[in-house]
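Novice: coordinates only, no sequence provided:
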Ligand SMILES: *[C@@H]1O[C@H](CO)[C@@H](O)[C@H](O)[C@H]1NC(C)=O
């Protein structure tokens with residue numbers, strides 16, 4: 001009996017430690033590299049953009065490096081592209097390409113924590129110059145990206161031996177040529193790779209996006225980091241907020257039927273021209289959409305802003321990540337409502353009911369979604385047992401609570417009912433595992 005409790009308690013802890021989940025509805029994404037904090041009208045240099053690893057905390061699941069600004073471009077040396085990470089990379093190889101050793105080290109640090117690191121191409125097209133003249137140029141450039149940032153072999157690699165986990169398209173110049181062939185080629189290269197790679201795109205919220213609709217409709221994009229800012233007609237804080245339209249697109253038009261949609265927001269009001277959703281607005285959006293099969297999480301522009309925007313002693317980043325990860329809390333609420341069966345309330349002693357509620361709450365706070373079913377089975381059994389006990393002459397003297405599926409089946413067969421030691425055993429294991437972890 002102990003071993004069942006132990007099994008799911010341990011797996012619950014490992015589940016929580018996991019962080020990023022490609023199919024999850026709770027991922028927090030931050031762009032990093034552009035030092036958007038610099039736009040703060042009250043700029044304090046002490047809060048300027050820090051090295052990448054500073055932001056790889058358990059409040060972040062994906063970091064998107066911004067940007068590979070210029071491509072393809074013969075003036076940028078043999079590589080044919082330029083990168084820019086503001087105050088975080090200044091050293092150059094002899095031919096002019098940036099040599100960002102520290103970012104390379106930090107990419108590895110972030111990845112060791114389970115955080116995915118993508119490299120973004122493009123950005124604000126009023127400051128960056130990019131675009132292809134013919135479709136097949138995109139495919140050739142995919143090989144360049146793979147050689148310099150993936151598992152290919154370029155002589156000069158800006159991040160050294162670090163490999164990114166994929167590429168992001170933040171194309172904003174309304175020129176769609178080349179990206180479908182680029183993504184198709186990248187997918188081909190990913191096939192022989194040593195790990196999973198991802199492709200994301202960051203369209204404007206106005207649907208369809210003038211720069212990325214082709215690639216979203218014709219090639220496999222894993223994540224859409226939709227910019228619900230700088231677009232007053234559909235900003236996150238506006239009447240026209242159109243995530244529902246994008247959900248429809250994901251259901252019907254997207255090439256990747258499993259594409260995940262992210263609500264992109266500025267990390268503070270100064271980080272974009274318009275569209276800052278304050279935490280409570282964002283919380284409302286998350287609760288309204290998190291159950292949609294296409295919901296992936298929230299994207300914030302950018303990390304340096306999000307950690308410096310402090311609201312009631314918590315950073316914007318921390319608040320947003322908290323809302324996204326609240327699914328476990330809402331499970332605990334669901335669990336409580338399920339044990340609020342009138343039969344239990346009227347027949348259990350107040351004290352034992354209180355202990356039961358506390359234990360259920362505690363356990364639910366550590367479980368993960370996949371284990372929910374086991375709990376509901378356990379609770380159904382708890383309710384059934386309580387009813388049996390309520391009808392027995394002695395009344396509900398004990399409350400069997402956490403029951404594994406296997407044990408459930410055994411109990412159903414034998415008609416036996418677990419007793420208080422069962423609960424005590426579970427608490428002991430819980431406490432000892434907590435101490436170990
Ligand atoms: C996030 O979602 C994944 C996938 O559904 C889940 O396994 C994980 O427990 C969730 N994380 C939290 C902290 O809720």
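Specialist: Arrived safely. Quantities reported herein were computed from a predicted structural model and do not represent experimental measurements. Numbers count the residues shown, from 1 in each chain.
Novice: give me the phi and psi for residue 251.
Specialist: In this entry, residue 251 is assigned phi and psi values of phi -70, psi -40 (degrees, to the nearest 10).
Novice: now do the phi/psi pair for the closest residue in space to it that isn't next to it in sequence.
Specialist: Excluding its sequence neighbours, the residue lying closest to residue 251 (Cβ to Cβ, 6 or more residues apart in numbering) is residue 294, at 7.3 Å. (Glycine included, C-beta is placed from N, CA and C.) In terms of degrees, to the nearest 10, the main-chain angles of residue 294 are phi -100, psi 0.
Novice: report the contact partners of residue 294.
Specialist: Applying Cβ atoms under 8 Å, 6 or more residues apart in numbering, we find residue 294 in contact with 246, 247, 250, 251, 259, 260, 261.
Novice: out of these, who's the most crowded?
Specialist: For the contacts of residue 294, the largest neighbour count, defined by other Cβ atoms under 10 Å, is 28 neighbours, found at residue 246.
Novice: for the contacts of residue 294, which one is nearest residue 230?
Specialist: In terms of Cβ to Cβ, no member of the contacts of residue 294 lies closer to residue 230 than residue 246, at 16.3 Å.
Novice: would you confirm that that closest one contacts residue 261?
Specialist: Yes - contact criterion Cβ atoms under 8 Å: residue 246 and residue 261 qualify, at 5.3 Å.
Novice: related to what we said a few turns ago, filter the contacts of residue 294 down to just the ones in strands.
Specialist: Of these, the ones assigned to strands by DSSP state E are 260, 261.
Novice: could you dump the contacts of residue 294 into a markdown table with distance to the ligand added?
Specialist: Below are those laid out as a markdown table (distance: Cβ to the nearest ligand atom, whole Å):
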| residue | distance to the ligand |
| --- | --- |
| 246 | 20 |
| 247 | 18 |
| 250 | 17 |
| 251 | 19 |
| 259 | 16 |
| 260 | 11 |
| 261 | 15 |
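Novice: sorry, back to before: overlap in contacts, residue 246 and residue 261.
Specialist: In contact with both residue 246 and residue 261: 224, 226, 294, using Cβ under 8 Å, 6+ apart.
Novice: quick check: domain ranges of the protein?
Specialist: 2-11+330-436, 27-324 (automatic domain parsing).
Novice: of those domains, flag the one that's most buried.
Specialist: domain 27-324 (a mean of 19; mean count of other Cβ atoms under 10 Å).
Novice: avg pLDDT for that one?
Specialist: Taken as a whole, domain 27-324 carries a mean pLDDT of 96.
Novice: can you give me the end-to-end span of it?
Specialist: Domain 27-324 has an end-to-end distance of 7 Å (Cα to Cα, to the nearest Å).
Novice: what's the helix or strand for residue 233?
Specialist: Per DSSP states H and E, residue 233 falls between elements, in no helix or strand.
Novice: how about the contacts made by it?
Specialist: Counted by Cβ under 8 Å, 6+ apart, residue 233 has contacts 206, 240.
Novice: helix/strand/coil for residue 200?
Specialist: At residue 200 the chain is in strand, as set by DSSP: H, G, I helix; E, B strand; the rest coil.
Novice: can you map out the strands along the stretch 1-150 of the chain?
Specialist: 27-32, 62-70, 82-83, 116-122 (DSSP state E, counting those that start in this stretch).
Novice: closest one to the ligand among those strands?
Specialist: Closest of the strands of the stretch 1-150 of the chain to the ligand is strand 27-32, at 7.6 Å (criterion: Cβ to the nearest ligand atom).
Novice: touching the ligand at all, that closest one?
Specialist: No - Strand 27-32 is not in contact with the ligand by Cβ under 6 Å from any ligand atom; minimum separation 7.6 Å.
Novice: run through the neighbouring helices and strands of that strand.
Specialist: Judged by 3 or more Cβ pairs under 8 Å, 6 or more residues apart in numbering; DSSP states H and E, the packing partners of strand 27-32 are strand 62-70, strand 260-266, strand 295-301, helix 303-306, helix 316-324.
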